[in-house]
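A.B. asks: only the shape, not the letters, is given here:
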């Protein structure tokens with residue numbers, strides 16, 4: 001029963017992570033892109049911006065999907081989720 005419960009929880013976490021990523025990353029990238037279009041940036045500034053946004057996106061997704069690497073109990077997974085959620089808040093404040 002414990003392994004079935006863990007599987008269901010991991011599936012729910014994956015769905016939540018995908019939705020969370022789409023809801024947060026897509027609007028951020030679109031609106032910052034619009035802002036940079038309005039600012040009329042040069043080609044080198046665009047490259048810098050895209051690298052910056054790409055690094056943020058990769059770090060964001062890595063921290064979210066690290067929760068699935070654990071093969072421990074549900075309580076342990078919830079602790080990982082809380083820790084990585086705090087890490088995501090720090091990443092958002094940095095970038």
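C.D. replies: The structure has been received and is ready for your questions. A quick note: this is a predicted structure, and the numbers were derived from the prediction, not measured.
A.B. asks: any idea of the mean pLDDT in whichever strand or helix holds residue 51?
C.D. replies: Element membership of residue 51 [criterion: DSSP states H and E] is helix 43-65. Helix 43-65 shows a mean pLDDT of 76.
A.B. asks: pull out the buried positions in that helix.
C.D. replies: Buried residues in helix 43-65, counted by 16 or more other C-beta atoms under 10 Å: 49, 53, 56, 60, 63-64. Heads up, the C-betas are built off the backbone N, CA and C, glycines and all.
A.B. asks: stretch 21-39: how far from the chain's middle?
C.D. replies: Stretch 21-39 sits 15 Å away from the centroid of its parent chain (C-alpha atoms, centre = their mean, to the nearest Å).
A.B. asks: can you tell me the average pLDDT over that stretch?
C.D. replies: pLDDT averaged over stretch 21-39 gives 77.
A.B. asks: and the contacts of it?
C.D. replies: By C-beta atoms under 8 Å, 6 or more residues apart in numbering, the surrounding residues in contact with stretch 21-39 are 45-46, 49, 53, 57, 60-61, 64.
A.B. asks: can you lay out these as TSV showing distance to residue 18?
C.D. replies: What follows is these, written out as TSV (distance: C-beta to C-beta, whole Å):
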residue	distance to residue 18
45	31
46	28
49	25
53	19
57	14
60	13
61	10
64	9
